[in-house]
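Enquirer: Predicted coordinates and the sequence they were generated for:
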Amino acid sequence: MTTPTLQPQAALGGAGQLPKHISWYVLAGGLALSFVVLLLFAEPTPASVIILGGAIYVAAIWISSRIVEGARRATDRLATAVVTSAFALAMIPVVSLLVTVVDRGRTMMSWEFLTTDMTGIFGDMRGGGAWHAIVGTFWVTALASVFSIPLGIFTAIYLVEYGRGRLARAITVLVDVMTGIPSIVAGLFALVLFNTILDPAYRSALMGGVALAVLMTPVVVRSCEEMLRLVPNELREAAYALGVPKWLAIVKVVLRTAIAGITTGVMISIARVVGETAPLLLTMGIITSTNLNAFDGRMATLPVFAYSSFRQGGVYLERAWAAALVLIAIVMVLNIIARLVSRYFAPKGMT
Amino acid sequence: MSKRIDVKNLNVYYGEFLAVEDVTMTIEPRSVTALIGPSGCGKSTFLRTLNRMHEVIPGAYVTGEALMDGQNLYGRGVDPVQVRRQVGMVFQRPNPFPTMSIADNVLAGVRLNNRRMSRSDADELVESSLRGANLWEEVKDRLDRPGSSLSGGQQQRLCIARAIAVKPEVVLMDEPCSALDPISTLAIEDLIAELKTEYTIVIVTHNMQQAARVSDKTGFFNIAGTGKPGHLIEYDETEKMFSTPSVKDTEDYISGRFG
């Protein structure tokens, strides 16, 4: 506590203060107590010790604070304890996931893994890698981006700057519906679309790109819309008052001001679709060799590679984990790039 | 570089709601005209019709005439963008473009319109506009700094420099000093006195002393009640308005009995 140690009058409430760092001591005491109790009556495991210790801590700190410091401070401590516990609880799966993936993925991870495909690898062989899947993921994500980023940004511009009546409302509803489309449905859509227009056996990264675009576009629209709405109206008015036509004002003032947020939103939408498995399973399948032609023939992608490796089991299981590690690394890199771009483009001097 | 404005029987509508009714006034070139009145009486709305900025709000339209040196601003085929290039505006809260430097802000009227300008011409325009806005001495060493790094009064002068850089005929100012401290306000008022030798200026202000200090003619707007349209009650020489107004409402407002 950093408040001064004056004795407050009774009228101002609160009789005193608990000593500094009391919460840590109580926490330690709670954990110790819970360990002892569980040792005597049951089996102490890390999880049960922590849960029981946490419960003891919350009760103890609240009661002692209430007695010594008064009701308001006690409620404050209780809220702090509850919020911190909730955060810790939420972090457990995330940290556990990262640790697991890194731990299991590193056995197969190597430069060779990243640069060779699975041609000629079978059975118990330890060679081969995910290069073909990395290429496939790149292609399908690039194609999806080419479709959905311009479409999404222009739709967002329409909704924010131009749309007024029924059409704008209809579009907003449809975009909302699209955000909820299950990924397998998007895959089926792309499959049927291409198999009706072209021949029924057609498979390619282009189909996968279209399927992912269906999933990606509403995310881009939503986040760009938010960013455009955040641009203060007075900037638009300043541009209009200078005799700048509306479309130029949008491009040079509104978009320029919102570009940091738009880039972040786009990066996040890419990160979201890069791991979609179901639609790619349908539209691109899996092969063991590298196919560089995005418009003809099946192509491997990281999520589908991970799935099919998992199905085969044995040493392939390690490949699945390694592929998952590569996927997580890609998502992390995209997020970091998004942050850097955001910081570079952010309007300087603006809070 | 300054034109007279004749307004005849102008009515301003927001959709079906009549906001300002039947305004007729003449604004002489190279003069400062102040519009005063209580909150919500339509003076800002009327000001915005002079450069067609009200059309930014969907459903807003006018009936009647607004002529600039005889040309109808609302004539058939008149492009509002062209009108706004001749009639500039400075807003209540300073709004420099945050992504642009000070120099780029001044040149915004040129740059945003994709007009090409040689480097030396651009530098000259920046200097002359900033000098015209009494800001040159303060920022000449930091023209590359972002526009939003200035203080409030400096930002407002930057916006004025930006407005005059496009060489308009008329400059409209919507309560330009209400967000500023008294020293900055004085700086802007001095600036207005200098600018009037070259531009026609129309200023909306809440501050009656400011109107008395700064303007040649004053228009008093009033509103009968909420939901009713605003009217121009009296329009006359500033000295006469503030000493012997003809209409009782004007006198009540000026002497502080309401508003």
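Expert: Thanks, I have the structure now.
Enquirer: Now the element after the helix or strand A:Ala90 falls within, going C-ward?
Expert: Assigned by DSSP states H and E, A:Ala90 belongs to helix A:71-105. Sequence order places helix A:111-115 as the next helix or strand after helix A:71-105, per DSSP H and E.
Enquirer: Which positions within that following helix qualify as buried?
Expert: Residues of helix A:111-115 classed as buried: A:Phe113 (neighbour count, 16 or more other Cβ atoms under 10 Å in any protein chain shown). No exception for glycine: its C-beta is placed from N, CA and C like everyone else's.
Enquirer: Using PDB, write down the CA coordinates of that helix.
Expert: The C-alpha trace of helix A:111-115 is given here as PDB (Å, rounded to 0.1, in the frame of the first residue of the first chain):
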ATOM      1  CA  TRP A 111      15.900 -26.600 -41.600                       C
ATOM      2  CA  GLU A 112      15.300 -29.800 -43.500                       C
ATOM      3  CA  PHE A 113      11.700 -29.900 -42.300                       C
ATOM      4  CA  LEU A 114      11.100 -26.500 -43.600                       C
ATOM      5  CA  THR A 115      12.600 -27.000 -47.000                       C
END
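Enquirer: quick check, distance from that helix to the centre of its chain.
Expert: 26 Å (Cα atoms, centre = their mean, to the nearest Å).
Enquirer: Check which helices and strands the helix or strand that it is followed by sits against.
Expert: Past helix A:111-115, heading to the C-terminal end, the next element that is a helix or strand (DSSP H and E) is helix A:131-157. Helices and strands touching helix A:131-157, by 3 or more Cβ pairs under 8 Å, 6 or more residues apart in numbering or on different chains; DSSP states H and E, are helix A:111-115, helix A:205-230, helix A:256-273, helix A:302-312, helix A:316-345.
Enquirer: Point out the most buried one among those.
Expert: helix A:205-230 (a mean of 24; mean count of other Cβ atoms under 10 Å in any protein chain shown).
Enquirer: And the helix or strand just after that one, how far out from the chain middle?
Expert: The helix or strand immediately downstream of helix A:205-230 is helix A:233-241, counting by DSSP H and E. Between the centre of helix A:233-241 and the centre of its chain there are 35 Å (Cα atoms, centre = their mean).
Enquirer: Quick one: work out the angle between the helix holding A:Ala90 and helix A:316-345.
Expert: Inter-element angle recorded for helix A:71-105 and helix A:316-345: 130 degrees (by axes from the mean of the first three to the mean of the last three Cα atoms, to 10 degrees).
Enquirer: Near chain A, which residues of the stretch 51-200 of chain B? Just list them.
Expert: Within the stretch 51-200 of chain B, the residues that sit near chain A (Cβ under 8 Å from any Cβ of the partner chain) are B:51, B:53, B:56, B:58, B:81-86, B:88-89, B:91, B:93, B:95-99, B:108-109, B:111-114, B:145-149, B:159, B:162-163, B:166.
Enquirer: Could you pick out the buried ones from those residues?
Expert: Buried members of these, scored by 16+ other Cβ under 10 Å, are B:51, B:53, B:81, B:83-86, B:88-89, B:91, B:93, B:95-99, B:108-109, B:111-113, B:146-149, B:159, B:162-163, B:166.
Enquirer: Roughly how far does the closest residue to chain B within the stretch 201-350 of chain A sit from B:Arg76?
Expert: Nearest residue of the stretch 201-350 of chain A to chain B: A:Gly243, at 3.1 Å (Cβ to the nearest Cβ). Noted for A:Gly243: a distance of 20 Å to B:Arg76, by Cβ to Cβ, to the nearest Å.
Enquirer: Export the helices and strands packed on helix A:131-157 as JSON lines, with columns for mean pLDDT and distance to chain B.
Expert: Output for the helices and strands packed on helix A:131-157, formatted as JSON lines (pLDDT from 0 to 100; distance: least, Cβ to the nearest Cβ, whole Å):
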{"stretch": "helix A:111-115", "mean pLDDT": "90", "distance to chain B": "39"}
{"stretch": "helix A:205-230", "mean pLDDT": "94", "distance to chain B": "12"}
{"stretch": "helix A:256-273", "mean pLDDT": "89", "distance to chain B": "5"}
{"stretch": "helix A:302-312", "mean pLDDT": "93", "distance to chain B": "37"}
{"stretch": "helix A:316-345", "mean pLDDT": "89", "distance to chain B": "8"}
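Enquirer: Dump those helices to CSV, plus distance to A:Ala42.
Expert: Shown next, in CSV, are the helices and strands packed on helix A:131-157 (distance: least, Cβ to Cβ, whole Å):
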stretch, distance to A:Ala42
helix A:111-115, 45
helix A:205-230, 47
helix A:256-273, 43
helix A:302-312, 36
helix A:316-345, 34
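Enquirer: right, so of the ones you listed, which gets closest to B:Leu10?
Expert: helix A:205-230 (32.9 Å; Cβ to Cβ).
Enquirer: Figure out how far that closest one is from the centre of its chain.
Expert: That offset, for helix A:205-230, works out to 15 Å (Cα atoms, centre = their mean).
Enquirer: repeat for stretch A:95-105
Expert: With Cα atoms, centre = their mean, you get 17 Å for stretch A:95-105.
Enquirer: Give me the contacts around it.
Expert: A:Glu318, A:Trp321, A:Ala322, A:Ala323, A:Ala324, A:Leu325, A:Val326, A:Ile328 (Cβ atoms under 8 Å, 6 or more residues apart in numbering or on different chains).
Enquirer: and these, which two are the farthest apart?
Expert: Largest pairwise distance in these, by Cβ to Cβ, is 15.7 Å, between A:Glu318 and A:Ile328.
Enquirer: B:Thr197 - that's part of a strand, no?
Expert: No: with DSSP: H, G, I helix; E, B strand; the rest coil as the criterion, B:Thr197 is assigned coil and is not in a strand.
Enquirer: Which residue, other than its chain neighbours, is closest to it?
Expert: B:Arg30 (6.5 Å; Cβ to Cβ, 6 or more residues apart in numbering or on different chains).
Enquirer: burial of the one you found, as a residue count?
Expert: 16 (other Cβ atoms under 10 Å in any protein chain shown).
Enquirer: three-state assignment of it?
Expert: Assignment for B:Arg30 (three-state DSSP): coil.
Enquirer: That one: what's it in contact with?
Expert: Here B:Arg30 is in contact with B:Ser2, B:Lys196, B:Thr197, B:Glu198, B:Tyr199, B:Thr200 (Cβ under 8 Å, 6+ apart).
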